[in-house]
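Asks: Could you work out the structure for the sequence below:
(one chain, ligands or ions: 1)
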Amino acid sequence: MEAHVEKILEVEGLKKYFPAGRGQVVKAVDDVTFHVYKGETLGLVGESGCGKSTIGRTIIRLYNATGGTVKFKGKNVHELKGKEAKQFNREMQMIFQDPYASLNPRMTVADIIAEGLDIHGLAKGKERRERVVELLRTVGLNEEHADRFPHEFSGGQRQRIGIARALAVDPDFIIADEPISALDVSIQAQVVNLMKKLQREKGLTYLFIAHDLSMVKYISDRVGVMYLGNLVELAESQELYDNPLHPYTEALLSAVPIPDPAVEKRRERILLKGDVPSPINPPSGCRFRTRCPKAMDICAEVTPTWQEVRPLHWVACHLYQEESKNEVAASSEQTS
Ligand code: SF4
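Replies: Just a heads-up that it's a prediction; the model follows:
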């Protein structure tokens, strides 16, 4: 990956808890730290319920943060007011998983796409129409689609409309929340290729949230892996797929099909035992310990810290922490 210098988004110790009745809380996101470089795609993967979508929604201010900070271009997004908040609402856009549910069925495509132009007073009359047509062409649709309604389109076309709507206000940063999960496999690659093309042409930065690891690798410069509200590993895509360090990442990758049947046959699948525990009462220490094939005593007592163990390769696991290794060595000496 080319050297990135400018951090456009900095997430530091982010927490998002939801009340769950009887004084309990769901710790959907718990102490997550990462940053996104300008112009890159950062993929965020994990099973459903791991908190990845909640992170996206907290970054774009659909939710307030329970703790920690989110800085966009150096400013705390949860403290923005007035003009600065309005500008943020323009600069950061979101593409949703279900393009049908996120498009108002009673509005024409032209009005859906132009909604942002209207809110921000960016174009009126003839100019507005021209901008809509230009956006439709940008996403591979055309002018005749402008006056139709969402139900007249296929899933892939609707996601293209969702992308056009996001692009209308000329954003810098797009959070794509499972943008291809609801689409047929044959259409998924088309939408991802469109997103890659738009990124090159417009210098966009993406946070790409998904559970499909193969597609995430294809689009992302770096990939972060989440488990039960925590970020457990983050590295450049190729590095993460070639040298996964965290046992959870290893297990996830072992389930990704390899196109070469000979390699696929030799490969060992890592089957995780048990279910994902409840985020209301997560395990002590490392949250993955109840399912981890490599768990040690220390994993139940101490929460592993988030550390850069190789250049640009971050992981939270006692297997890679010097102080943990020393402790484990000392306790095994005592028992021998
Ligand atoms: Fe497994 Fe322990 Fe690492 Fe957690 S900290 S992933 S339980 S080895």
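Asks: Could you list the residues of the stretch 151-300 of the chain in contact with the ligand?
Replies: By CB under 6 Å from any ligand atom, the residues of the stretch 151-300 of the chain that approach the ligand are His246, Pro247, Cys286, Phe288, Arg289, Cys292, Lys294, Ala295, Met296, Cys299. Using the backbone N, CA and C atoms, a C-beta is placed for each residue, glycine as well.
Asks: wait, the last one sits on Pro293?
Replies: No: with contacts defined as CB atoms under 8 Å, Cys299 does not count as touching Pro293, sitting 11.6 Å away.
Asks: Compare the two and say which is more crowded by neighbours.
Replies: Cys299 (24 against 11; other CB atoms under 10 Å).
Asks: my hunch is that the more buried one is in a strand, does that hold up?
Replies: No: secondary structure of Cys299 (DSSP: H, G, I helix; E, B strand; the rest coil): helix, not part of a strand.
Asks: Using neighbour counts, pick out the buried residues of the lengthiest helix in the chain.
Replies: Determined from DSSP state H, the single longest helix within the chain is helix 185-202. Under the neighbour-count criterion of 16 or more other CB atoms under 10 Å, helix 185-202 has Ile187, Gln188, Gln190, Val191, Val192, Leu194, Met195, Leu198, Gln199 buried.
Asks: Give me the packing partners of the very next helix or strand once past that helix, helices and strands only.
Replies: Following helix 185-202 in sequence order, the next helix or strand is strand 205-210 (DSSP states H and E). On a contact count with 3 or more CB pairs under 8 Å, 6 or more residues apart in numbering; DSSP states H and E, strand 205-210 meets strand 7-19, strand 25-37, strand 41-45, helix 52-59, strand 173-177, helix 185-202, helix 213-219.
Asks: For the ones you listed, give me JSON lines that also has mean pLDDT and distance to Leu312.
Replies: JSON lines is the format used below for those (pLDDT from 0 to 100; distance: least, CB to CB, whole Å):
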{"stretch": "strand 7-19", "mean pLDDT": "97", "distance to Leu312": "13"}
{"stretch": "strand 25-37", "mean pLDDT": "96", "distance to Leu312": "10"}
{"stretch": "strand 41-45", "mean pLDDT": "97", "distance to Leu312": "12"}
{"stretch": "helix 52-59", "mean pLDDT": "96", "distance to Leu312": "20"}
{"stretch": "strand 173-177", "mean pLDDT": "96", "distance to Leu312": "21"}
{"stretch": "helix 185-202", "mean pLDDT": "91", "distance to Leu312": "20"}
{"stretch": "helix 213-219", "mean pLDDT": "88", "distance to Leu312": "16"}
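Asks: could you redo those as TSV and give each row distance to Arg160?
Replies: Listed next are the helices and strands packed on strand 205-210 as TSV, based on distance: least, CB to CB, whole Å:
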stretch	distance to Arg160
strand 7-19	25
strand 25-37	24
strand 41-45	18
helix 52-59	20
strand 173-177	13
helix 185-202	7
helix 213-219	16
